[in-house]
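J.: what shape does this take:
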Amino acid sequence: MMSKAAAALVLAGLLAIGVSAQKNLKPWAEWSKKDVQKILNDSPWGQTQVDEDTSEMFYKPTTAQPTSTTAGTSRGTTVTDTSGGLKRGEESGGALNQATGVKFRIRWLSARPIRQALARQIALESGQWNEQLRAFAEGSTENRAVVAVWFESTDQRFSNRVMQIFNAAITAVLKNNTYLERKDGKRIFLQEYVSPQRNTLGAALFIFPRVIDEQPLLTPQNGDVRFVCEFNKDLKLNMKYKLADMLYDGKLEY
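T.: The predicted structure is shown next:
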């Protein structure tokens with residue numbers, strides 16, 4: 001019969017294997033495309049918010065006329081309301097007979113794992129590598145914390161509308177409805193917003209101070225942090241991250 005000591009060693013080994021399986025221990029320059037997508041879209045530093053509209057699954061022929069702003073599409077005229085939200089299912093071509101929506105990729109761009117994954121993605125797609133990519137991947141972001149949001153959709157109408165909203169937004173309008181909320185209830189409001197058209201990454205950038213009252217913005221002891229941004233009544237981003245899981249090479253990365 002296995003001794004208690006031996007059993008403990010076996011259990012520790014199994015736990016170590018489990019931890020290793022959950023964390024990508026390869027150098028980031030060796031990450032595969034699958035590794036990159038995992039870090040970017042389903043990791044402690046990168047999560048996906050899905051806003052889905054199931055009403056498009058049912059065919060509804062309509063003859064709706066524009067009531068405010070309109071945009072031409074291959075399916076007809078897309079109707080929007082004055083608040084900037086999309087009235088889904090009110091296109092002259094009827095519904096699409098499938099669920100449609102938008103995936104928002106909400107990532108901590110100031111965290112090294114995200115920047116390393118983006119750099120590796122560029123290298124894999126282009127087949128090229130240079131020192132500029134390495135500097136982007138491993139550089140320091142001591143003075144600010146940056147949340148970056150990309151989006152994608154199966155329907156170009158929704159993509160176009162979200163892009164319009166992202167590019168039209170400005171810091172002065174967003175700053176009171178965009179914040180990081182710690183578990184202790186403290187909210188850190190937006191310092192600066194950069195629209196997708198103003199940066200080479202093509203992402204909406206939300207910049208926050210990294211030091212508050214001479215203390216780090218976040219520590220593992222804060223428990224978790226939630227990113228919230230309300231563009232309008234129809235478009236709101238809301239994602240929570242567990243800080244204890246955001247350790248990388250022994251350091252909290254955010």
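
J.: stretch 213-223: which residues count as buried?
T.: Judged by neighbour count (16 or more other CB atoms under 10 Å), stretch 213-223 contains these buried residues: 217-218, 222. To be clear about C-beta, it is placed using only N, CA and C from the backbone, and glycine gets the same treatment.

J.: quick one: which of the residues you listed is nearest to Asn41?
T.: Nearest to Asn41 out of the buried residues of stretch 213-223 is Leu218 (CB to CB; 21.6 Å).

J.: state the distance from that closest one to Leu237.
T.: Taking CB to CB, to the nearest Å as the measure, Leu218 falls 18 Å from Leu237.

J.: now swap in Ala172 and tell me
T.: According to CB to CB, Ala172 and Leu237 sit 18 Å apart.

J.: show me which of those two is the more surrounded one.
T.: Neighbours were counted for Ala172 and for Leu237 using other CB atoms under 10 Å; Leu237 has more, 19 against 8.

J.: can you give me the helices for this protein?
T.: Along the chain, the segments classed as helices by DSSP state H run 4-22, 33-41, 112-126, 131-138, 156-168, 171-174.

J.: using CSV, write out every CA atom in the shortest one.
T.: Read that as helix 171-174. What follows is helix 171-174 as a C-alpha-only set of coordinates in CSV (Å, rounded to 0.1, in the frame of the first residue of the first chain):
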residue,chain,number,x,y,z
THR,A,171,-13.1,61.4,-23.8
ALA,A,172,-15.4,64.3,-22.5
VAL,A,173,-18.5,62.3,-23.2
LEU,A,174,-17.3,58.9,-22.0
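
J.: run the chain-centre distance for it.
T.: Centroid separation for helix 171-174 versus its chain: 19 Å, with CA atoms, centre = their mean, to the nearest Å.

J.: contacts for that helix, please.
T.: 190, 192-193, 229, 231 (CB atoms under 8 Å, 6 or more residues apart in numbering).

J.: narrow these to those in strands?
T.: The strands, defined by DSSP state E, take in 192-193, 229, 231 from the contacts of helix 171-174.

J.: name the nearest residue to Ala119, sequence neighbours excluded.
T.: Ala137 (3.9 Å; CB to CB, 6 or more residues apart in numbering).

J.: where in the protein is the helix or strand with the lowest mean pLDDT?
T.: In the chain, the helix or strand scored least confidently by mean pLDDT, DSSP states H and E is strand 76-79, which has a mean of 33.

J.: where in the stretch 51-200 of the chain is pLDDT low?
T.: 53-100 (pLDDT under 70).

J.: next one: Phe104 from Glu131, what distance?
T.: Going from Phe104 to Glu131 by CB to CB gives 32 Å.

J.: identify the residues contacting Phe151.
T.: If you count contacts by CB under 8 Å, 6+ apart, then Phe151 has 102-105, 159, 162-163, 166 around it.

J.: restricted to buried residues, select these in ChimeraX.
T.: To isolate the buried members of the contacts of Phe151 in ChimeraX, using 16+ other CB under 10 Å:
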select :102,104,105,162,163,166
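
J.: can I get the contacts of Phe151 in CSV with distance to Thr178?
T.: Putting the contacts of Phe151 into CSV (distance: CB to CB, whole Å) gives the following:
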residue, distance to Thr178
Val102, 18
Lys103, 20
Phe104, 14
Arg105, 17
Ser159, 22
Val162, 16
Met163, 18
Phe166, 13
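
J.: ok, so of the contacts of Phe151, who is nearest Glu253?
T.: Nearest to Glu253 out of these is Arg105 (CB to CB; 17.3 Å).

J.: now which of the contacts of helix 171-174 would you call buried?
T.: 190, 193, 229, 231.

J.: roughly how far apart are the first one and Arg115?
T.: So the one you mean is Leu190. 21 Å.

J.: just send the ones in strands among the contacts of helix 171-174 back as CSV, with distance to Gly46 too.
T.: Output for the ones in strands among the contacts of helix 171-174, formatted as CSV (distance: CB to CB, whole Å):
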residue, distance to Gly46
Glu192, 21
Tyr193, 20
Cys229, 16
Phe231, 20
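
J.: got a list of what Asp245 touches?
T.: Pro44.
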